[in-house]
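Peer 1: Build the 3D model from these lines:
(one chain, ligands or ions: 1)
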Amino acid sequence: MKYLDEYRDAEGARKFASLLARITTRPWTIMEVCGGQTHAIVRFGIDELLPSGITLVHGPGCPVCVTPIEMVDRAIAIARRPEVIFCSFGDMMRVPGTCSDLLRVKAEGGDVRMIYAPIDALEIAARNPDKQIVFFAVGFETTAPANALAVYQARRRGLRNFSMLVSQVLVPPAMQAILEAPRCRVQGFLAAGHVCAVMGIDAYGPLAARFGVPIVVTGFEPLDILHGITMCVQQLEEGRVEVENQYVRAVRPEGNRRARDLLAEVFCVVPREWRGIGEIPLSGLSLRPEYSDFDAERRFPAEVDSRRSIEPSLCISGEILQGLKKPSECPAFGRQCTPESPLGATMVSSEGACAAYYRYRHVRTEATTDGA
Ligand code: SF4
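Peer 2: Predicted structure coming up:
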């Protein structure tokens, strides 16, 4: 398939692997930020092609995984209200809250609908004027423009029965939090190409300079990732600290100006809680005061204040999302926690690291364990 096969070429992968073997003289630990990159790495065995000194650790770039359990509980409580039609992307439907999930609310009779674009929720609002339509706006900078557009359009169309439960997060502050953590072992980053396609690469220069880490904006196909790792290792070996762009076919330095303008029109930057990590300053987006009428947290305040949320004690997804541990190091992995019966969001999401290990490596993990 054109534009896909060329980035999955086995010969090209072997060339990057042998180049990496030649240039690597010391151990290096590199974090891929995005969950999409994590899945590609595990699915295509990219980590197994690398010289033994290069360790890839997985970052917090799965939006579903980092949505705090309090927010999931809030969504569940709102979705249970009889006057509400609750709309969400499919990934959030099975993310466990403290006692339930959205799919279970639907099974119990709640009007919970899976949609493919936030703008679809506006059409539902227009067709159901006697109902309250709530959209669960989860994601990074990649989904934020479409969510911003939904609110912008709702105001223009006068759809007063539409609101958004906002749990938008930002990547650069999370990278900073990872670098500031005492146990951080990350020496270089593969930044998420699609985030940079929206936001540009300005935010990464100060991070690279302050913490002395190379950052390579990287795509999502196997050759993109191998190329990004090679660029990162070249910097590390040469003692350079720069922001480089591997994903030039999609990322312009300034990003997408119209999308950024729309984000600035609708959202403001706020502190946000990250599941398993805690609050990170200036790491989230919230609706600006001019759009606060569309804020589901204001429209349903009882659901906001009365929740008591508890993370499952066995789940170590917070350490996995910070690159401190791998899913196979979780004692519950593949035992108490499976995709059919998940304890944490990282086992549910299509971008979650635990889901990737379960899908592509679980059989081998069991065989290794049994044979040990
Ligand atoms: S395997 Fe399950 S319990 Fe363990 S970290 Fe992943 S989601 Fe949490």
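Peer 1: Could you find the residue in the stretch 101-250 of the chain that comes nearest to the ligand?
Peer 2: Asp101 (13.4 Å; Cβ to the nearest ligand atom). Every C-beta, even on glycine, is put in place using the N, C-alpha and C of the backbone.
Peer 1: mind checking how far that residue is from Val72?
Peer 2: Between Asp101 and Val72 the distance is 8 Å, computed by Cβ to Cβ, to the nearest Å.
Peer 1: hang on, the earlier thing: backbone phi and psi for the residue of the stretch 101-250 of the chain closest to the ligand, please?
Peer 2: phi -150, psi 170 (degrees, to the nearest 10).
Peer 1: Identify the residues contacting stretch 274-285?
Peer 2: 60, 65-69, 144, 166-170, 173-174, 177, 263, 267-273, 311, 315-322, 344-345 (Cβ atoms under 8 Å, 6 or more residues apart in numbering).
Peer 1: same question, stretch 111-129
Peer 2: Residues contacting stretch 111-129 (Cβ under 8 Å, 6+ apart): 79, 84-90, 93, 102-103, 105-106, 131, 133, 135, 137, 146-147, 149-150, 153-154, 157, 159, 161-162, 164.
Peer 1: Report the distance from it to the chain centre.
Peer 2: 23 Å (Cα atoms, centre = their mean, to the nearest Å).
Peer 1: Same question for stretch 269-277.
Peer 2: Centroid separation for stretch 269-277 versus its chain: 12 Å, with Cα atoms, centre = their mean.
Peer 1: Could you do stretch 316-326 as well?
Peer 2: 14 Å.
Peer 1: Keeping just the C-alphas, turn that stretch into CSV.
Peer 2: Taking Å, rounded to 0.1, in the frame of the first residue of the first chain, the C-alpha atoms of stretch 316-326 are listed here in CSV:
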residue,chain,number,x,y,z
ILE,A,316,1.3,0.1,38.6
SER,A,317,0.3,2.0,35.5
GLY,A,318,1.6,5.3,37.0
GLU,A,319,5.1,3.8,37.0
ILE,A,320,4.6,2.4,33.5
LEU,A,321,3.4,5.8,32.1
GLN,A,322,6.6,7.4,33.5
GLY,A,323,8.9,4.8,31.9
LEU,A,324,10.0,3.5,35.3
LYS,A,325,8.6,-0.1,34.7
LYS,A,326,7.3,-2.2,31.8
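Peer 1: Name the residues that touch the one helix or strand Arg14 maps to?
Peer 2: In this structure, Arg14 sits in helix 10-23 according to DSSP states H and E. When contacts are defined by Cβ under 8 Å, 6+ apart, helix 10-23 is touched by residues 46, 49-51, 54, 222-223, 226-227, 229-230, 233-234, 237.
Peer 1: Is it possible to get CSV of the residues you listed that adds secondary structure and distance to Ala250?
Peer 2: Listed next are those as CSV, based on DSSP: H, G, I helix; E, B strand; the rest coil; distance: Cβ to Cβ, whole Å:
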residue, secondary structure, distance to Ala250
Ile46, helix, 19
Leu49, helix, 24
Leu50, coil, 24
Pro51, coil, 28
Ile54, strand, 25
Pro222, helix, 16
Leu223, helix, 14
Leu226, helix, 17
His227, helix, 13
Ile229, helix, 18
Thr230, helix, 19
Val233, helix, 22
Gln234, helix, 21
Glu237, helix, 27
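Peer 1: sorry, back to before: report the buried residues of the helix holding Arg14.
Peer 2: 13, 16-17, 20 (16 or more other Cβ atoms under 10 Å).
Peer 1: and it, average pLDDT?
Peer 2: When pLDDT is averaged over helix 10-23, the result is 95.
Peer 1: what do you get for stretch 292-302?
Peer 2: 93.
Peer 1: Format the CA atom coordinates belonging to it as PDB.
Peer 2: Provided in PDB are the C-alpha atoms of stretch 292-302 (Å, rounded to 0.1, in the frame of the first residue of the first chain):
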ATOM      1  CA  SER A 292     -18.100  28.100  30.500                       C
ATOM      2  CA  ASP A 293     -21.800  27.600  29.700                       C
ATOM      3  CA  PHE A 294     -20.700  24.500  27.800                       C
ATOM      4  CA  ASP A 295     -18.700  23.000  30.700                       C
ATOM      5  CA  ALA A 296     -20.300  19.800  31.900                       C
ATOM      6  CA  GLU A 297     -18.600  20.100  35.300                       C
ATOM      7  CA  ARG A 298     -20.500  23.400  35.900                       C
ATOM      8  CA  ARG A 299     -23.700  22.000  34.500                       C
ATOM      9  CA  PHE A 300     -23.700  18.900  36.700                       C
ATOM     10  CA  PRO A 301     -21.800  20.100  39.900                       C
ATOM     11  CA  ALA A 302     -23.200  17.400  42.200                       C
END
